[in-house]
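[1] Sequence below, structure please.
(chains A and B)
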Number of protein chains: 2
Amino acid sequence: MTGGSSLVRQLLAGQQRAAARMITLIEDGDPAVDPLLAEIFPRTGRAVVVGVTGPPGAGKSTLVEGMVRSWRQRGRTVGVLAVDPSSPFTGGAVLGDRIRMASLTRDPGVYVRSMASRAHLGGLAEATPAAVRVLDAMGLDVVVIETVGVGQNEVAVAHSADCTVLVTMPGTGDGIQAMKAGLLEIGDVFIVNKADRDGSLRTQRELNAMLRLQERTPRPAVLLTKADVGEGVDHAVEEIEKFLADRRDTGRLEERRLRHLQREVLEQIGAQVRRQTMAALDTAIIAELSDALRERRMDPVTVAARALALAATQQVGKVT
Amino acid sequence: MTGGSSLVRQLLAGQQRAAARMITLIEDGDPAVDPLLAEIFPRTGRAVVVGVTGPPGAGKSTLVEGMVRSWRQRGRTVGVLAVDPSSPFTGGAVLGDRIRMASLTRDPGVYVRSMASRAHLGGLAEATPAAVRVLDAMGLDVVVIETVGVGQNEVAVAHSADCTVLVTMPGTGDGIQAMKAGLLEIGDVFIVNKADRDGSLRTQRELNAMLRLQERTPRPAVLLTKADVGEGVDHAVEEIEKFLADRRDTGRLEERRLRHLQREVLEQIGAQVRRQTMAALDTAIIAELSDALRERRMDPVTVAARALALAATQQVGKVT
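    Model (predicted):
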């Protein structure tokens, strides 16, 4: 554990290399990272965590880049966790984007890290909050999680962020449709980017109308931005700060964080028992249960109960 | 269990009311449904399960409707499970859509059921395969799951379907972007709907180019349809049937089904232990662990391990 604790010491001293190493361990699902995460946990909760999500093509990365600059001008340090596979942060970039990003990452007050969105069960849901905590513990003031609103990513964001920013753009009406389809509820601040395009005011109006139906107080702001020329981005950051200040003052920020932590515990209970159960069972038993499934003699609920019971008899000493 | 078994008897006799009741129990997470699902499981696996997913606005519902008609003309009975909140099946419809759907549901060889996509942990992932099994056991030949490619829905589809159909449309390039962002891998058949619009051939070409990079054999088909006028829909159904026949012949259909069942077992292990753990722990202990989380004295991984250990000492008799 000496190596581990020295990694933690380096992280708490703000060393980016230590953060990179810990996040790699998290991505790999390496259990060696668990005691390190336990060690840094009391040093977390200081950063504010802002999730930015929305459909591909809405200009999220450019917006995030502008937001980072705005926070830097306010003297805040910023970490960006990019879990959007189409983002220039993670690799889906054209050359121009990469050059812009590079200028951003030369600032020592900014740390950008991409995360692989892997397919294994609960992968991203487990990895995202852990990675956020690493950036938090290294002393960054703001942690931005950028994801694309497709797949399970935006759910992981909503369960890690203090404030979720939903980005869309004017146009085909699909942006609005996507919002309707389950995303509207998770947004705290809404942004219609590419506001120089036709229909931006209509999109803003439609979003406002949909949000009025929800009767949330305060009603989320719907802002217009042109992130490519920097317009409206400072104002967006101000709205995010206002939302966070209000949440902090009313105690709702603490409530939300506790809810997220409790949810994470439930996910961890599942993950830990899955690992323990698979480790405890003989290959022969696993093959037998698998045959029962294939031949449809025993359904998944029954097989799960059987596997748990068999594992429990084999590891009563271990679990208790 | 007499009531339960009579419900199962009615379901196996093809009664839609019995199916509706069982799916409601599944949606509610009612444990009373577990023995019923165990009872019907040996009678499942006969239907082919086709998932249809894609971004909102791509015309999925109209396409599904056309596909249902096409299967009916081939003499197959069809069930539709709609988990798309923007679908006319589930309620997001304009009047014209509703009238069309109504004509479809008057056919006794068609059973349409919408499913609430609820927020609780693993809700849809647990509910979808169970609901599919209900439709399978009632004797339908084809079960279509319609979801929107936003949120966790499309993942649930990919883990329940024998064939996943990805629907997109020509236009802004966002369709392609969305595909890039993690959806491409889960598609078995690709459809560019609204093919009368500009750019449909280009979208088809781009999808083909992206699929060529994946080196799958056989390479998935990319089809053009105009579902609103019925064009290309029969051909799409033929391609789906061809895909399924090939998968069946090569044994890959059985493999895939077993993989899905195994995944479901792992999810069930997590769900069952979560329920057992929460039931076994005193309110006082839960409050204590929650305080430790809030005050950041103990991280989620440690709290989960502690909760599991405490629950195990309290219910050793129950689990073993």
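
[2] all helices of chain A, in order?
    Assigned by DSSP state H, the helices in chain A fall at A:2-12, A:16-27, A:33-40, A:60-73, A:95-105, A:123-137, A:153-158, A:174-178, A:200-214, A:233-249, A:252-280, A:283-294, A:300-314, A:316-319.

[3] Spatially nearest residue to residue A:202 (excluding sequence neighbours)?
    Spatial nearest neighbour of residue A:202, chain neighbours left out: residue A:170 (7.1 Å); criterion: Cβ to Cβ, 6 or more residues apart in numbering or on different chains. Any C-beta I mention is one placed from the backbone N, CA and C, and that applies to glycine too.

[4] In chain A, what residue lies closest to chain B?
    Nearest to chain B in chain A, going by Cβ to the nearest Cβ, is residue A:270, at a distance of 2.6 Å.

[5] For residue A:303, see how far away the nearest residue to that residue once chain neighbours are set aside is.
    Computed as Cβ to Cβ, 6+ apart, the closest residue to residue A:270 that is not its neighbour in sequence is residue B:270, at 2.6 Å. Here the distance between residue B:270 and residue A:303 works out to 14 Å (Cβ to Cβ, to the nearest Å).

[6] Compare these two and say which is more crowded by neighbours.
    residue B:270 (26 against 23; other Cβ atoms under 10 Å in any protein chain shown).

[7] The more buried one touches residue A:276, doesn't it?
    No. The criterion here is Cβ atoms under 8 Å, and residue B:270 misses it with residue A:276 at 11.4 Å.

[8] hang on, the earlier thing: which ones are touching the residue nearest to residue A:270?
    With contact taken as Cβ atoms under 8 Å, 6 or more residues apart in numbering or on different chains, residue B:270 is in contact with A:269-271, A:273-274, B:122.

[9] what comes up buried for stretch A:41-56?
    Judged by neighbour count (16 or more other Cβ atoms under 10 Å in any protein chain shown), stretch A:41-56 contains these buried residues: A:41, A:43-45, A:47-56.

[10] Hmm, which of the residues you listed is lowest in pLDDT?
    Among these, residue A:56 has the lowest pLDDT, at 71.

[11] on that earlier part again, so what's the residue count around the residue nearest to residue A:202?
    Neighbour tally, residue A:170, other Cβ under 10 Å: 22.

[12] Could you check how far it is from residue A:222?
    On the measure of Cβ to Cβ, residue A:170 and residue A:222 end up 12 Å apart.

[13] list residues touching both of the two?
    With Cβ under 8 Å, 6+ apart as the test, residue A:170 and residue A:222 both reach residue A:192.

[14] Leaving aside the residues adjacent along the chain, what's closest to residue A:293?
    residue B:261 (4.5 Å).

[15] Name all residues that make contact with that neighbour.
    Contacts of residue B:261 (Cβ under 8 Å, 6+ apart): A:293-294, A:300.

[16] just the buried members of those residues?
    A:293, A:300.

[17] Any stretches of chain A with poor pLDDT?
    For chain A, the stretches with pLDDT under 70 are A:1-4, A:84-103, A:116-125, A:148-157, A:171-183, A:315-320.

[18] hmm, back to that, quick check, nearest of the buried residues of stretch A:41-56 to residue B:192?
    residue A:56 (16.9 Å; Cβ to Cβ).

[19] For that closest one, give its distance to residue A:163.
    Counting by Cβ to Cβ, the gap from residue A:56 to residue A:163 is 22 Å.

[20] With residue A:66 instead?
    Taken as Cβ to Cβ, the span from residue A:66 to residue A:163 is 16 Å.

[21] will you turn the helices of chain A into CSV that also has distance to residue B:257?
    Below are the helices of chain A laid out as CSV (distance: least, Cβ to Cβ, whole Å):
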stretch, distance to residue B:257
helix A:2-12, 43
helix A:16-27, 30
helix A:33-40, 34
helix A:60-73, 37
helix A:95-105, 42
helix A:123-137, 23
helix A:153-158, 26
helix A:174-178, 31
helix A:200-214, 40
helix A:233-249, 46
helix A:252-280, 20
helix A:283-294, 8
helix A:300-314, 12
helix A:316-319, 32
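
[22] Out of those, which is closest to residue B:60?
    That would be, of the helices of chain A and by Cβ to Cβ, helix A:174-178, which comes in at 11.3 Å.

[23] Might you calculate how far stretch A:265-273 sits from the centre of the chain?
    With Cα atoms, centre = their mean, to the nearest Å as the basis, stretch A:265-273 stands 18 Å off its chain's centre.
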